[in-house]
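**Student:** Here is a sequence together with a model predicted from it:
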Amino acid sequence: MGISITQLVIVLVIVLVLFGTKRLRNMGGDLGGAIKGFRSAMKEGEEDKNLSDKGGDVIDVEVTEKDKDKA
């Protein structure tokens, strides 16, 4: 019931014909960059969480008006 090797090869050949090797290489690079960015963002989020857990001072401020007279 699963995918056999011949079916997988046929699908890969069709994808290569449709997109071309250069476009697939670019898509692979973009996907790798996105994964790398996601991982670094996750690490930064964990570091921020660790800093806030250590009892650092947190200032919560809400802006209610905006000065339009500043030139």
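**Tutor:** Right, received. Where do you want to start? Residues are numbered from 1 along each chain as shown.

**Student:** Mind giving me the packing neighbours of the lowest-mean-pLDDT helix or strand in the chain?
**Tutor:** Ranking every helix and strand in the chain by mean pLDDT, DSSP states H and E puts helix 21-53 at the bottom, with a mean of 84. Contacts defined by 3 or more C-beta pairs under 8 Å, 6 or more residues apart in numbering; DSSP states H and E place helix 21-53 against helix 5-19. For the C-beta atoms, the positions are set from N, CA and C on the backbone; glycine is no exception.

**Student:** what comes into contact with the helix it packs on?
**Tutor:** Helix 5-19 is contacted by residues 24, 27 when judged by C-beta atoms under 8 Å, 6 or more residues apart in numbering.

**Student:** so it versus helix 21-53, what angle?
**Tutor:** Counting by axes from the mean of the first three to the mean of the last three C-alpha atoms, to 10 degrees, helix 5-19 lies at 100 degrees to helix 21-53.

**Student:** can I get the CA coordinates of helix 5-19 in PDB?
**Tutor:** The C-alpha trace of helix 5-19 is given here as PDB (Å, rounded to 0.1, in the frame of the first residue of the first chain):
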ATOM      1  CA  ILE A   5      10.800   3.200  -5.200                       C
ATOM      2  CA  THR A   6       9.600   3.300  -8.800                       C
ATOM      3  CA  GLN A   7       6.700   5.500  -8.000                       C
ATOM      4  CA  LEU A   8       9.000   7.800  -6.000                       C
ATOM      5  CA  VAL A   9      11.400   8.100  -8.900                       C
ATOM      6  CA  ILE A  10       8.600   8.900 -11.400                       C
ATOM      7  CA  VAL A  11       7.300  11.600  -9.100                       C
ATOM      8  CA  LEU A  12      10.900  13.100  -8.700                       C
ATOM      9  CA  VAL A  13      11.400  13.100 -12.500                       C
ATOM     10  CA  ILE A  14       8.100  14.900 -13.000                       C
ATOM     11  CA  VAL A  15       9.000  17.500 -10.400                       C
ATOM     12  CA  LEU A  16      12.400  18.000 -12.000                       C
ATOM     13  CA  VAL A  17      10.800  18.500 -15.400                       C
ATOM     14  CA  LEU A  18       8.200  20.900 -14.200                       C
ATOM     15  CA  PHE A  19      10.400  23.100 -12.000                       C
END
